[in-house]
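Coordinates for the following, if possible.
(chains A and B)
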Amino acid sequence: MRGFVFAFLGGAFITLQGVANTRISQDIGTWQAAAVTQFTGFLMAMLILMFIRDKKWKKFKRVNPLYLTGGAFGAVIIFSNVEAIQKIGVTLSIAVILISQLGLTFVIDGNGWFGLKRQKMRLPQLIGIGMMVIGVVILRL
Amino acid sequence: MILGLIFSLVAGSLLSIQNIFNSKVNERAGSWATTTLVLGMGFLASMAIGLIFEGEKMFNLQNMEPWYWFSGLLGVGVVTCLVQGMRLLGPTYAIAIVLTSQLGFALIFDSFGWLGLEKVAFTFKQLIGVLVIIGGIFVFKFAGARKNQETSKVENAAG
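You can find the predicted model right below:
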């Protein structure tokens, strides 16, 4: 039950984040909104990291430097998310984001890119993505 | 319309790659160190791109409402919830619920037009559309579930 509540709230926060970024962008601009919100989030995460005295961050050195840059995508992700919400609304934006996210992850897993263990592509996953696309079409009918 | 769809496709693709990268960092450095790095990188990239396109306007924040400063803390809430959710339920269940809740709240936000959103009238058609998408998520996640695939979908701190 507690796990369910966490997962449920996590989803709510992700949606709220997109909507809040869109609202903030109207007043100060999208890149400004992306910078400000990620900066305050960064400060808070760093405080927590110091508080829990987790020394594991020293292991950054042992990670392929390419993977350390993933966060930089956040700028373009927030920008695109805000633009999409302004143009097609929250529901449709999130639905299409999920389709492309699950779809690309599926392709990456299937090919074993980025050193991931190669997974067999299976029909049910394709059917699932197909259903999501049909759902989006229904939204737009 | 088309442009909105393209922006969504771009965001989703980048999220997919970002989640894979982040989960690799997460394996070694733990979730708070990863979140700190991810948000710090995102901030630097936003500043850099913003300075290129907008120059000094990047520092013009006079229209800030006080709550805007705290909005960034949502990212911390997201990480906490996802990490705890996955620890307690396992990744497959947790992510399926996260995605479902994301869509459900999206529908609510559109229907009420909260936070200055353009109101999208709630219709039966929309409800069906969202339910079919959620059905798709569950088929994707549970039917013939593939083991180990979940490592690529760990957290999404900056989304």
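
Quick check: can you list the domain ranges of chain A?
A:1-87, A:89-141 (automatic domain parsing).

And those: which comes nearest residue B:46?
domain A:1-87 (3.9 Å; Cβ to Cβ). In this view, the C-beta of every residue, glycine as well, is placed from N, C-alpha and C.

just to revisit the earlier point, pipe the domains of chain A into CSV and attach mean pLDDT per row.
Output for those, formatted as CSV (pLDDT from 0 to 100):
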stretch, mean pLDDT
domain A:1-87, 94
domain A:89-141, 92
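
need the ones you listed in JSON lines with distance to chain B and mean neighbour count, can you?
Formatted as JSON lines, the domains of chain A follow (distance: least, Cβ to the nearest Cβ, whole Å; neighbours: other Cβ atoms under 10 Å in any protein chain shown):
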{"stretch": "domain A:1-87", "distance to chain B": "3", "mean neighbour count": "20"}
{"stretch": "domain A:89-141", "distance to chain B": "3", "mean neighbour count": "19"}
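
would TSV of those domains with distance to residue B:27 be doable?
Formatted as TSV, the domains of chain A follow (distance: least, Cβ to Cβ, whole Å):
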stretch	distance to residue B:27
domain A:1-87	8
domain A:89-141	12
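
Show the residue spans covered by the helices in chain B.
B:2-29, B:31-54, B:66-71, B:73-89, B:91-112, B:124-142 (DSSP state H).

I'd like these as JSON lines, with mean pLDDT appended.
What follows is the helices of chain B, written out as JSON lines (pLDDT from 0 to 100):
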{"stretch": "helix B:2-29", "mean pLDDT": "94"}
{"stretch": "helix B:31-54", "mean pLDDT": "95"}
{"stretch": "helix B:66-71", "mean pLDDT": "92"}
{"stretch": "helix B:73-89", "mean pLDDT": "91"}
{"stretch": "helix B:91-112", "mean pLDDT": "94"}
{"stretch": "helix B:124-142", "mean pLDDT": "95"}
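
Now for residue B:121: which residues touch it?
residue B:111 (Cβ atoms under 8 Å, 6 or more residues apart in numbering or on different chains).

Over to it: give its phi and psi.
Phi and psi for residue B:121, reported as degrees, to the nearest 10, are phi -60, psi 130.

Tell me the confidence at it?
If you check residue B:121, the pLDDT there is 87.

now it: how far from residue A:89?
Taking Cβ to Cβ, to the nearest Å as the measure, residue B:121 and residue A:89 are separated by 11 Å.

cool, residue B:102 as well?
14 Å.

the strands in chain A, which residues?
Per DSSP state E, chain A has no strands. Nothing in it meets that criterion.

Which stretches in it count as helices?
Counting by DSSP H, the helices of chain A are A:2-28, A:30-51, A:65-68, A:73-88, A:90-111, A:123-140.

follow-up on the earlier one: switch the helices of chain B over to TSV; also include distance to chain A and mean neighbour count.
Below are the helices of chain B laid out as TSV (distance: least, Cβ to the nearest Cβ, whole Å; neighbours: other Cβ under 10 Å):
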stretch	distance to chain A	mean neighbour count
helix B:2-29	3	22
helix B:31-54	3	22
helix B:66-71	5	14
helix B:73-89	3	21
helix B:91-112	3	22
helix B:124-142	3	19
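
can I get these in a markdown table with distance to residue A:40?
Below are those laid out as a markdown table (distance: least, Cβ to Cβ, whole Å):
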| stretch | distance to residue A:40 |
| --- | --- |
| helix B:2-29 | 19 |
| helix B:31-54 | 9 |
| helix B:66-71 | 6 |
| helix B:73-89 | 6 |
| helix B:91-112 | 22 |
| helix B:124-142 | 31 |
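
picking up where we left off before, of the helices of chain A, which is nearest residue B:20?
helix A:90-111 (6.6 Å).

Against which helices or strands is that closest one packed?
helix A:2-28, helix A:73-88, helix A:123-140, helix B:2-29, helix B:91-112, helix B:124-142 (3 or more Cβ pairs under 8 Å, 6 or more residues apart in numbering or on different chains; DSSP states H and E).

Nearest to residue B:66, out of those?
helix A:2-28 (11.8 Å).

just checking, what packs against the closest one?
Helix A:2-28 packs on helix A:30-51, helix A:73-88, helix A:90-111, helix B:66-71, helix B:73-89, helix B:91-112, going by 3+ Cβ pairs under 8 Å, 6+ apart.

orientation of the third one relative to helix A:123-140 in degrees?
With axes from the mean of the first three to the mean of the last three Cα atoms, to 10 degrees applied, the angle from helix A:90-111 to helix A:123-140 works out at 160 degrees.
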